[in-house]
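[1] 3D, please:
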Amino acid sequence: AVDSFFGHWQLLEHATAQGQMLAIPSDAVSPEVARSILQQAGVKAMLVVPLPFRDRCFGALLLGDRETELTGAEPTAFARVLTSQMGQALGLADAFERLYAREQQFRALVNSMDDVVVVDREHRVIGAYGRAPQVSLGTNQHALEPIETLLSPDAPAPHREAYDRALSGESVVYEWTRGS
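    Got it, this is the predicted structure:
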């Protein structure tokens with residue numbers, strides 16, 4: 001019954017779309033619909049409270065009471081605080097889940113490459129990733145060393161020019177072989 005909101009799914013959809021708390025019974029719900037929902041739920045009163053986070057609604061929390069009305073200041077304040085915190089928790093969990101998925105995609109991409117070297121604005125190596133960074137760059141022995149000394153110590157100018165252009169925001173693609 002709850003999965004179809006006691007046969008009145010459109011009422012639940014409307015409440016969540018509007019982002020407004022809905023009290024049952026109230027003037028917002030016809031007496032027949034309110035009676036049907038409350039009877040099926042086995043409660044005297046119910047609050048339908050959306051679970052918001054930023055511009056998204058994760059659903060609604062249904063709070064019911066078998067003995068008292070829930071339209072007073074205390075129950076509605078409690079419901080708002082509770083759903084606000086639940087919405088934040090769901091929103092953060094969703095954000096971390098999406099971040100994890102993106103990180104896995106990034107790792108798969110990077111691990112499919114032979115070498116990925118990350119440099120800072122001073123052209124120092126701050127990370128080496130991929131299938132063979134230990135072999136070609138060493139694990140940490142080259143940290144904070146200028147990239148040009150690793151790529152081609154005798155002819156660093158082409159690398160420096162490309163990195164300067166990239167660090168200024170230009171999209172740069174160039175091919176090289178280590179030592180050339």
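[2] by mean pLDDT, which helix or strand of this structure comes out lowest?
    In the chain, no helix or strand scores lower on mean pLDDT, DSSP states H and E than helix 133-136, which sits at a mean of 46.
[3] CA atoms only: put stretch 74-83 into PDB for me.
    Output in PDB follows, covering the C-alpha atoms of stretch 74-83 (Å, rounded to 0.1, in the frame of the first residue of the first chain):
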ATOM      1  CA  GLU A  74       6.300  20.900  17.500                       C
ATOM      2  CA  PRO A  75       5.500  18.000  15.200                       C
ATOM      3  CA  THR A  76       5.900  20.100  12.000                       C
ATOM      4  CA  ALA A  77       9.200  21.700  13.300                       C
ATOM      5  CA  PHE A  78      10.500  18.200  14.200                       C
ATOM      6  CA  ALA A  79       9.500  16.900  10.800                       C
ATOM      7  CA  ARG A  80      11.200  19.800   8.900                       C
ATOM      8  CA  VAL A  81      14.500  19.400  10.900                       C
ATOM      9  CA  LEU A  82      14.500  15.600  10.500                       C
ATOM     10  CA  THR A  83      13.800  15.700   6.700                       C
END
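[4] in it, which residues are buried?
    In terms of neighbour count (16 or more other Cβ atoms under 10 Å), stretch 74-83 has its buried residues at 75, 76, 79, 83. To be clear about C-beta, it is placed using only N, CA and C from the backbone, and glycine gets the same treatment.
[5] for the protein, which helix is longest?
    The single longest helix within the chain, with elements called by DSSP state H, is helix 73-111.
[6] which intervals of the chain have sub-threshold pLDDT?
    Residues of the chain meeting the criterion pLDDT under 70: 1-3, 130-145, 147-156, 176-180.
[7] find the residue at the geometric middle of it.
    Most central in the chain under Cα atoms, centre = their mean is residue 95, positioned 1.6 Å from the mean C-alpha point.
[8] give me every residue that touches residue 44.
    By Cβ atoms under 8 Å, 6 or more residues apart in numbering, the contact set of residue 44 is 38, 64, 65, 66, 67, 68, 69.
[9] most neighbours, which of the residues you listed?
    Among the contacts of residue 44, the one with the most neighbours (other Cβ atoms under 10 Å) is residue 38, at 19 neighbours.
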